[in-house]
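sequence first, then the predicted structure, then my questions.
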Amino acid sequence: MVIRGFARRLPIDDDINTDYIISGRYKFQTEDISQMARHIFEDLDPNFFEKIKEGDVVVAGKNFGCGSSREQAPRALKAAGISCVIAQSFARIFYRNSFNIGLPLIEAETKDIPDGEPLEIDLDKGIIRLLNSQKEIPFKPIPPFMQRLLSDGGLVPHLLKHKGFAIED
């Protein structure tokens, strides 16, 4: 699986919590995830949603998705068109929630990825290609089973499609 998109960075790199991703004040205003998506990262960058395009990739530092276990956070990212998040590390619950809904997360060194850089991410080979600067950043490839969850659209679509877990190739 190969993902292509432009890198989108935020004003801060580390400890981007789920309340920064989607503020709790929207949790009780609407259950429509596409409406929530319009407010992602609003407290860090009020115009972030207007800057992104379908397929863009959020790039951050350490401990992305920390804080509450708000499952709306990865859903709002996906609904906004974010195709992948690359960070140095993730909060475990956010990591699991993201794969459950089919949003790929990559743990890699991110300090050399500038905002706006076109990226090509090869999940099979574990390589992030920075297309303007011709650099490559390795990462531990996502296991085939996790890639299968992603290609099926997440855990529930996977279970429905295969009538249970399909963990063999």
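All right, it came through fine. If you're wondering where the values come from, they're calculated on a predicted model, not measured in any experiment. Residues are numbered from 1 along each chain as shown.

give me the buried stretch members for the strand or helix carrying Arg148, please.
Using DSSP states H and E, Arg148 maps to helix 144-152. Under the neighbour-count criterion of 16 or more other Cβ atoms under 10 Å, helix 144-152 has 147-150, 152 buried. Any C-beta I mention is one placed from the backbone N, CA and C, and that applies to glycine too.

go on, stretch 121-128?
So stretch 121-128, judged by 16+ other Cβ under 10 Å, has buried residues 121, 123, 127-128.

so which two of the residues you listed are the farthest from each other?
With Cβ to Cβ as the measure, no two of the buried residues of stretch 121-128 lie farther apart than Leu123 and Ile128, at 10.1 Å.

picking that back up, mind putting the buried residues of stretch 121-128 into TSV with distance to Arg96 and secondary structure?
Shown next, in TSV, are these (distance: Cβ to Cβ, whole Å; DSSP: H, G, I helix; E, B strand; the rest coil):
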residue	distance to Arg96	secondary structure
Ile121	20	strand
Leu123	17	coil
Ile127	24	strand
Ile128	22	strand
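
contacting residues around the residue nearest in space to the middle of the chain?
Most central in the chain under Cα atoms, centre = their mean is Val85, positioned 3.1 Å from the mean C-alpha point. By Cβ atoms under 8 Å, 6 or more residues apart in numbering, the contact set of Val85 is 57-60, 64, 77, 98, 103-106.

mind redoing it with 10 Å?
The neighbours of Val85, taking Cβ atoms under 10 Å, 6 or more residues apart in numbering as the test, are 8, 16, 21, 57-60, 64-65, 74, 77-78, 94-95, 98, 103-107.

okay, and the helix or strand of this protein with the least pLDDT?
Lowest on mean pLDDT, DSSP states H and E among the helices and strands of the chain sits helix 144-152, with a mean of 91.

who touches it?
1, 3, 84, 98-105, 123-124, 141-143, 155-162, 165-169.

done for today, thanks.
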